[in-house]
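> fold the following.
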Amino acid sequence: MILKDAFDYSYSYLLNHNIDEAEFKALCLVCSLAELKNSQYGLCRNNDYPFEALDEKLNLLTEGDPLQYVIGKWDFYESEFCVGRGVLIPRPETEELVQLAVNFASMCSAPVVYDLCSGSGCIGVSIAKAVPSSKVFCVEKSEIAFDYLQKNITLCGNATAVSGDVFNPKPFLDNAPAADIIVSNPPYIKTSDIDNLQPEVQKEPAMALDGGEDGLLFYREIIKNFSDSLTKGGRILFEIGNEQGNDVFNLLDTAGFADVSVIKDIYGNDRIVTAVKK
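Prediction:
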């Protein structure tokens, strides 16, 4: 089967099953199976490729599996990360958190970075690659997500995968150097809102989404448990839900941090809160 036939077949199949973004998903799927970038489709559309797994993967899409899980990888920042069931899917808004962390890390000579609730490692690994002088610790509790983290961390040599829990950080902190930067995209969705998420999002692991009754549980724990491990003048950066700016601002302000600020993403929503350790 040539690439164009595979795309036409996939596009029609997904349309007939009322799948959103059918054209985009068909393109991503067939190019992934052909081990091509989407941008190479035009040049390679008449080339023959083996597509033995095509029907199986199309069926997964019609069953509601996220595209990223079906193809098993996803582009984020400047790298491609392995993803699958049991790990949070990297999102473009999070690239803005990475860029801000990279900017701060680049101002340090040899920064130590904690990436807490690391998941796939997309944040920590991206920072490590962008700032070769850094030493990044990617801390993740989920055993399934940790497997993906270990795969992705091979993309760089200055990041370490740590099996750890932000609610019980002592085993990690007892052996870790103080951090110049703490960055985290923790679970922040209210427990009561989980069942109202889009069907594809509900396929992602609940432990990577559920932020407790008010969505702020992990922010409180990270501030309580890790503030003393941040160097004076060090930065903390959180990704937040678009209605959590004031709440997370107040948590950091009450904890004694300076220069607390809420930053909007490319869509105009509150997305990042950053602060400085006095």
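> what residue is smack in the middle of the chain?
residue 90 (3.5 Å; Cα atoms, centre = their mean).
> and the closest residue in space to that residue that isn't next to it in sequence, how far is that from residue 252?
Of all residues not flanking residue 90 in the chain, residue 76 sits nearest, at 3.8 Å (Cβ to Cβ, 6 or more residues apart in numbering). Yep, even glycine has a C-beta here, placed from its N, CA and C like the rest. Shown here: residue 76 relative to residue 252, a distance of 26 Å by Cβ to Cβ, to the nearest Å.
> could you say which helix or strand holds residue 250?
Counting by DSSP states H and E, the element that carries residue 250 is helix 245-254.
> report the buried residues of the strand or helix carrying residue 5.
Using DSSP H and E, the element containing residue 5 is helix 3-16. For helix 3-16, the buried set under the neighbour-count rule, 16 or more other Cβ atoms under 10 Å, comprises 3, 6, 7, 9, 10, 11, 13, 14.
> touching the strand ranked longest in the chain from outside, list them.
The strand spanning the most residues in the chain, taking DSSP state E as the definition, is strand 230-239. For strand 230-239, the surrounding residues in contact (Cβ atoms under 8 Å, 6 or more residues apart in numbering) are 93-94, 97, 100-101, 104, 178-186, 188, 219, 222-223, 226-227, 248, 252, 257, 271-278.
> that strand versus helix 245-254: what angle between them?
Counting by axes from the mean of the first three to the mean of the last three Cα atoms, to 10 degrees, strand 230-239 points 170 degrees away from the direction of helix 245-254.
> please save the CA atoms from strand 230-239 in PDB.
C-alpha atoms of strand 230-239 as PDB (Å, rounded to 0.1, in the frame of the first residue of the first chain):
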ATOM      1  CA  LEU A 230      15.300  25.700  47.400                       C
ATOM      2  CA  THR A 231      18.400  27.900  47.500                       C
ATOM      3  CA  LYS A 232      18.000  31.600  48.500                       C
ATOM      4  CA  GLY A 233      17.100  33.400  45.300                       C
ATOM      5  CA  GLY A 234      16.000  30.200  43.700                       C
ATOM      6  CA  ARG A 235      12.900  30.000  41.600                       C
ATOM      7  CA  ILE A 236       9.700  27.900  41.800                       C
ATOM      8  CA  LEU A 237       7.600  27.500  38.700                       C
ATOM      9  CA  PHE A 238       4.100  25.900  38.600                       C
ATOM     10  CA  GLU A 239       1.800  25.100  35.700                       C
END
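> direction included, what does it pair up with?
With DSSP bridges as the test, strand 230-239 is paired with strand 179-184 (parallel), strand 270-276 (antiparallel).
> reformat those as TSV; add mean pLDDT, mean neighbour count and distance to residue 262.
Formatted as TSV, these follow (pLDDT from 0 to 100; neighbours: other Cβ atoms under 10 Å; distance: least, Cβ to Cβ, whole Å):
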stretch	mean pLDDT	mean neighbour count	distance to residue 262
strand 179-184	98	25	16
strand 270-276	98	22	5
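> among these, which is nearest residue 160?
Smallest distance to residue 160 across the strands paired with strand 230-239 (Cβ to Cβ): 12.8 Å, for strand 179-184.
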